[in-house]
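Q: Sequence below, structure please.
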Amino acid sequence: MPHDMSQSAVLRVADLPQNHATAFHLTPDKAARAQIAEVLGMLGVRKLDFKGMVQTEGKTDWRLEAQLGATVEQSCIVTLEPVVTRIDQPVTRLLVADLPVNLEEEIEMPEDDNQESLGTEIDLLRIMTEALALALPDYPRRDDATLDQSQFSAPGTTPMTDAEIKPFAGLAQLKEKLEKGE
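A: Numbers count the residues shown, from 1 in each chain. Here you go, the predicted model:
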């Protein structure tokens, strides 16, 4: 039976059944999507859907498997115009009861980066927001956006080109002069 998300997006681990999976379906309203967009630095979140299940994994751990669907709006890195991106991605988390957490010593990252520590509650909204943040394009760019070469200089001087700025361009010219015997 799907968990009712109208009340809360938090599942208490003690209330979850041990012998079968608990389904959930989270669809944040417009105000919640606006808050998520603000937190993640986006222009907006048009659609957001997080649907899946939580079930036991062994005696003390829990596995969350879900599908994240979202339509997001970000600023183009070139033109700053809106770029709309559709995200459809599976999300898996293994919530481990005895995950060692020692903040004072260095520890190696586990090979499975989907593991996280299990507390008394499973916050579906946090997991959904984290999965969305990880799925966002790092450099959203419109298909028609082009970055022209820019040249800057003080009035009355010749602007430098990209080739002249390169650190070894001067060495190449010096080498040529030395080879010619100048």
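Q: For the nearest residue to Val13 once chain neighbours are set aside, give its distance to Asp15.
A: Spatial nearest neighbour of Val13, chain neighbours left out: Thr120 (5.8 Å); criterion: C-beta to C-beta, 6 or more residues apart in numbering. C-beta here means a position set from N, CA and C on the backbone, and glycine is covered the same way. According to C-beta to C-beta, to the nearest Å, Thr120 and Asp15 sit 10 Å apart.
Q: swap in Ser153?
A: Going from Ser153 to Asp15 by C-beta to C-beta gives 68 Å.
Q: now do Asp29
A: To Asp15, Asp29 is 24 Å away according to C-beta to C-beta.
Q: which residue ranges form the strands in this protein?
A: All strands of the chain, identified by DSSP state E, fall at 2-3, 10-12, 22-26, 44-57, 61-75, 82-96, 115-117, 121-123.
Q: okay if I get those strands as CSV plus distance to Glu130?
A: Shown next, in CSV, are these (distance: least, C-beta to C-beta, whole Å):
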stretch, distance to Glu130
strand 2-3, 19
strand 10-12, 15
strand 22-26, 13
strand 44-57, 11
strand 61-75, 10
strand 82-96, 9
strand 115-117, 9
strand 121-123, 10
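Q: hey, least reliable of those strands by pLDDT?
A: Lowest mean pLDDT within these: strand 2-3, at a mean of 41.
Q: Show the contacting residues for the residue nearest the centre of the chain.
A: The centre of the chain sits closest to Leu134, judged by C-alpha atoms, centre = their mean, with a distance of 2.0 Å. Residues in contact with Leu134 (C-beta atoms under 8 Å, 6 or more residues apart in numbering): none are found.
Q: And for the nearest residue to His20 once chain neighbours are set aside, the neighbour number?
A: In this structure, His20 finds its nearest non-sequential neighbour in Gln55, 7.3 Å apart by C-beta to C-beta, 6+ apart. Using other C-beta atoms under 10 Å, Gln55 has 16 neighbouring residues.
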